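K.L.:
Give me a model of this one.
(one chain, ligands or ions: 1)
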Amino acid sequence: MLEVNNLSKSYSNTPILKNVSLTLNSNRIHFIMGRNGSGKTTFIKCLLGLEHYEGTITYGGKVLEDVRKGIFAIFDDIPLYNDLNGFQNIRLMLSDKKFFDKNYIAELGLLSDKKLKENIKNYSLGERKKLALIAAILNNPKYLIIDEISNGLDIETLETLREKLNVLRQNSLILATGHHFEFYESIIDELLVLNAGTLTYISDYRKGGDKLYEIYKQYIASGK
Ligand SMILES: Nc1ncnc2c1ncn2[C@@H]1O[C@H](COP(=O)(O)OP(=O)(O)OP(=O)(O)O)[C@@H](O)[C@H]1O
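P.N.:
Alright, predicted model coming up:
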């Protein structure tokens, strides 16, 4: 469980998040949608302690420092070591070296052995994302936070992502953001909308049978 209480964040007196309070549950995939610049990444940065904020954030009743090893985050701009190869970067992203398993990495089929032996500076954006995805799968984290990972991934990788998120959910609380509604529609359990600094749960959003873009239009484009 992840609990956020009265979270507020501003940049130079411009409020981005205003008194956000909510609880996210384990074994669920949560998806936050919102306009460009609405504060999705800022919210994630606060969760990860990468920004100062007002309010409290706890993970299963514990503070971030006590659960950090159980959290894995993937950002659009993935910080990797350019002069190290893929395997070396994966090792550095693992919370425990014993999770490193070359056979399983090969089984995943996301990146070839040849590619993983190359330095990261030769990797495309999609290949960098695949590398982070491999590390996420090996880590099997209790909390998985993914910011915009689906953009730029090919169809086969999206299929693997879908399949693996379904498996990871059995052990994790997953929080994703993005604009790729068609993809997220097929896997998410919970929908949240970020609009004008307020993060709102859309309960039972599937009930009405509306597609995500219809809900987006209803709650965001209309400025509700
Ligand atoms: N370090 C910073 N200093 C000042 N303003 C910032 C900083 N980081 C983000 N912002 C601003 O805060 C707002 C929210 O940015 P954020 O990256 O959280 O949006 P987002 O919802 O993730 O957008 P997108 O969908 O485009 O990725 C934007 O207006 C952005 O310009």
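K.L.:
mean confidence score for the helix or strand containing residue 115?
P.N.:
Secondary structure from DSSP states H and E places residue 115 in helix 113-116. The average pLDDT within helix 113-116 is 97.
K.L.:
And it, what's buried?
P.N.:
Across helix 113-116, burial judged by 16 or more other C-beta atoms under 10 Å covers residue 116. Where C-beta positions appear, they are placed from N, C-alpha and C, glycine not excepted.
K.L.:
In the protein, mark out all the strands, start to finish.
P.N.:
Applying DSSP state E to the chain gives strands spanning 2-11, 14-24, 29-33, 54-59, 71-74, 143-147, 173-177, 190-195, 198-201.
K.L.:
wait, which of those strands is closest to the ligand?
P.N.:
Among those, strand 2-11 comes nearest to the ligand, with 3.5 Å by C-beta to the nearest ligand atom.
K.L.:
If you count neighbours, what's buried in that closest one?
P.N.:
2, 4, 7, 9.
K.L.:
can you pull the pLDDT of the second one?
P.N.:
Which is residue 4. At residue 4, pLDDT is 98.
K.L.:
Mind checking if stretch 10-19 is in reach of the ligand?
P.N.:
Yes: using C-beta under 6 Å from any ligand atom, stretch 10-19 reaches the ligand at 11, 16.
K.L.:
near the ligand, which residues of this structure show up?
P.N.:
Within reach of the ligand by C-beta under 6 Å from any ligand atom, the chain has these residues: 11, 16, 34, 36-42.
K.L.:
Now tell me what touches stretch 190-203 from outside.
P.N.:
By C-beta atoms under 8 Å, 6 or more residues apart in numbering, the surrounding residues in contact with stretch 190-203 are 15-18, 20, 22, 24-25, 28-35, 38-40, 43, 205, 212, 215-216, 219-220, 223-224.
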